[in-house]
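sequence first, then the predicted structure:
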Amino acid sequence: MVYAFDRGEGDSARLGLSVGKRVGNAVERNRVKRVLREEFSRIAGDLQPGVDFVVIARPGAHEYIEERGSRALGERLHELTERVSQAAA
């Protein structure tokens, strides 16, 4: 789940993460956070500046990474951030 909040001004898009215990154990949660940060930094240049994105990882996020890879999660993240940034603008 992705939320976007328009700050009105700012240099670049920012990311906030929420990865709860339902996602998995500490190792799995940290991997999900690391992958989300890496993929967000890869797409941040394409995003609207001055917008904060909050990603709430849901149960199954770690399994999604295991099955499809981190690049697939990055593509999905890019789709969602584009969609919510247009709605926030």
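Ah, there it is. Note that the structure is a prediction, hence the values are computed from the model and not measured.

every contact and neighbour count from this point should use C-alpha atoms.
Noted.

roughly how far out does stretch 74-89 sit from the chain middle?
9 Å (C-alpha atoms, centre = their mean, to the nearest Å).

how about it: buried residues?
Going by neighbour count (16 or more other C-alpha atoms under 10 Å), the buried part of stretch 74-89 is 74, 77-78, 80-82, 85.

what's the closest of those residues to residue 10?
residue 85 (14.5 Å; C-alpha to C-alpha).

contacts for the host helix or strand of that closest one next, please.
Assigned by DSSP states H and E, residue 85 belongs to helix 70-88. The contact list for helix 70-88, computed with C-alpha atoms under 8 Å, 6 or more residues apart in numbering, reads 2-6, 35-36, 39-40, 43, 47-48, 51, 53, 64-65.

mind redoing it with 10 Å?
Contact partners of helix 70-88, identified using C-alpha atoms under 10 Å, 6 or more residues apart in numbering, comprise 1-6, 31-32, 34-44, 46-49, 51-55, 61-62, 64-65.

strands along this structure, start to end?
Ranges of strands in the chain, per DSSP state E, are 2-6, 14-19, 51-57.

want to throw the ones you listed into JSON lines with mean pLDDT?
Listed next are the strands of the chain as JSON lines, based on pLDDT from 0 to 100:
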{"stretch": "strand 2-6", "mean pLDDT": "88"}
{"stretch": "strand 14-19", "mean pLDDT": "94"}
{"stretch": "strand 51-57", "mean pLDDT": "92"}
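
closest to residue 26 out of the ones you listed?
Here strand 14-19 is closest among the strands of the chain (C-alpha to C-alpha), at 9.9 Å.

contacts for that closest one, please.
1-5, 26, 28-30, 32-33, 36-37, 40-41, 44, 47, 49-59, 61.
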